[in-house]
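[1] Have a look at this prediction, sequence included:
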Amino acid sequence: MQDIAKAARTSVGSVYNEFASKEAILGALAGHHLDRVLQRMVEAGGDADPESGLRAMFHARTDAFLELRECSAHGREMVGGFCLATREAYEAFARSERALLDQQLRRITPDAPSFAAAAVQSATAAFAPPLCYEDDPERLRERLDAVLSILLAGLRP
């Protein structure tokens, strides 16, 4: 708590006035980090062609998660379901990510983008916390490219 208060340039009491518990603080921090991951995905997808956009989105997502692992001693716990509040933050992220994928995949599979979004999200789960933290970053990116190639080949009409 003292570290959080110090980083926020406030007192521990002020932190507790803002948040009901330590778990609530963890949930807010996780939500903040996950919002940044989602924003990077949005920016990466941009106006590129649908397949390149999807690849860029997942590379941005993977890079953001790997950077989170490196940003602090507890970065990986922030989004790895450490407690109920962080699990809830990750579930909210997953819903937003699915909506983003649905939008992107609508351009590739207009007949069933929601089904495709759910399938792509499931197939890429190994490239999100906590599993993405168990592999070498370069090997992880290579595997991501291979999985995305298979997925995109299956999504093409």
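    Yes, it's here. Small disclaimer: the values here were computed from a predicted structure and weren't measured.

[2] pLDDT weak spots in this structure?
    72-78, 80-81 (pLDDT under 70).

[3] If you drop the residues flanking it in sequence, what lies closest to the one residue sitting closest to the centre of the chain?
    Most central in the chain under CA atoms, centre = their mean is residue 37, positioned 5.0 Å from the mean C-alpha point. The spatial neighbour of residue 37 that comes closest, neighbours along the chain excluded (CB to CB, 6 or more residues apart in numbering), is residue 64 at 4.2 Å. (Glycine included, C-beta is placed from N, CA and C.)

[4] Check the offset of the host helix or strand of the residue nearest to the centre of the chain from the chain's centre.
    Assigned by DSSP states H and E, residue 37 falls within helix 22-45. Using CA atoms, centre = their mean, to the nearest Å, the mean C-alpha position of helix 22-45 is found 7 Å from that of the whole chain.

[5] How about stretch 13-23?
    Between the mean C-alpha location of stretch 13-23 and the chain-wide mean there is a distance of 25 Å, by CA atoms, centre = their mean.

[6] Check stretch 98-117 too.
    Using CA atoms, centre = their mean, we find the averaged C-alpha position of stretch 98-117 to lie 18 Å away from the chain's own average C-alpha position.

[7] Counting neighbours, which bits of that stretch end up buried?
    Within stretch 98-117, the residues that qualify as buried by neighbour count (16 or more other CB atoms under 10 Å) are 100, 101, 102, 104, 105, 106, 108, 109, 113, 116, 117.

[8] One more: stretch 124-131?
    Going by neighbour count (16+ other CB under 10 Å), the buried part of stretch 124-131 is 124, 127, 128, 129.

[9] The second one reaches residue 139, doesn't it?
    No: with contact defined as CB atoms under 8 Å, residue 127 does not count as touching residue 139 (11.5 Å).

[10] got the residue ranges for the helices in the chain?
    Assigned helices in the chain, in chain order: 2-7, 12-18, 22-45, 50-71, 75-78, 84-105, 113-123, 137-155 (criterion: DSSP state H).
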